[in-house]
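Visitor: model the structure of this input:
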Amino acid sequence: MTTNNKDVVLRFWYQELWDNWNIAVADALLADDYRLHAPGVPVPLDRETTKQVVAMYGTSFPDLKHTVDELITEGDTVAARWTVRGTHKGEFQGIPATGKSVKLSGITFHHPQEGRVRETWLSFETVEQLQQIGAVPAVAKA
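Guide: From the prediction side, this is the model:
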């Protein structure tokens, strides 16, 4: 695997792991002691649990695709501002498929080391995702 931090994050994290649902790449991409810090999750997820989360999203939103709007590298940090679009076509956290489209934006900070990501900090509006699939009512605008 390449040791270029931007390439590791863009090609392997977004394109292979998330957009192509290539779970097999996770063992080469993510460090053995990998940690994912995700909104609403009280403890970091390890590599195996992260693979399960990716698989769940692949089943729930099989056409999910990321657009990386901005990618900045400084030292051992790669920051990505992204937009993701997909359709709720499978059960998601106990919510039956609705066929509704979702569009979310988020920011992720990745910390690659020696060609593998060792830690990721993820930020996006989880409530907005649930609102878009109709699981949570949207707040009325004044």
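
Visitor: could I get the full set of strands for this protein?
Guide: Shown for the chain, the strands assigned by DSSP state E span residues 30-37, 65-74, 77-87, 101-113, 116-124.

Visitor: nearest to Gln52, of those strands?
Guide: Each of the strands of the chain was checked against Gln52 via C-beta to C-beta, and the shortest separation belongs to strand 30-37, namely 11.1 Å. The way it works is simple: take the backbone N, C-alpha and C, and place the C-beta from them, glycine included.

Visitor: state the number of residues packed around Tyr14.
Guide: Applying other C-beta atoms under 10 Å, we find 20 other residues in the vicinity of Tyr14.

Visitor: whoops, Pro42 was the one
Guide: Pro42 has 5 neighbouring residues, counting by other C-beta under 10 Å.

Visitor: how about the lowest-mean-pLDDT helix or strand in the chain: buried residues?
Guide: Least confident element among the helices and strands of the chain, by mean pLDDT, DSSP states H and E: helix 126-132 (a mean of 80). Under the neighbour-count criterion of 16 or more other C-beta atoms under 10 Å, helix 126-132 has 126, 129-132 buried.

Visitor: name the nearest of the residues you listed relative to Thr59.
Guide: Nearest to Thr59 among those is Gln129, at 15.3 Å by C-beta to C-beta.

Visitor: quick one: low-confidence ranges for this protein?
Guide: Along the chain, the model assigns pLDDT under 70 to residues 1-3, 140-142.

Visitor: let's check: the centremost residue of it is which one?
Guide: Among the residues of the chain, the one closest to the centroid is Trp18, at 6.5 Å (C-alpha atoms, centre = their mean).

Visitor: check contacts around that residue.
Guide: Taking C-beta atoms under 8 Å, 6 or more residues apart in numbering as the contact definition, Trp18 lies against 54, 57, 64, 66.

Visitor: one more time with 10 Å
Guide: Applying C-beta atoms under 10 Å, 6 or more residues apart in numbering, we find Trp18 in contact with 12, 54, 57-58, 64-66, 82, 84.
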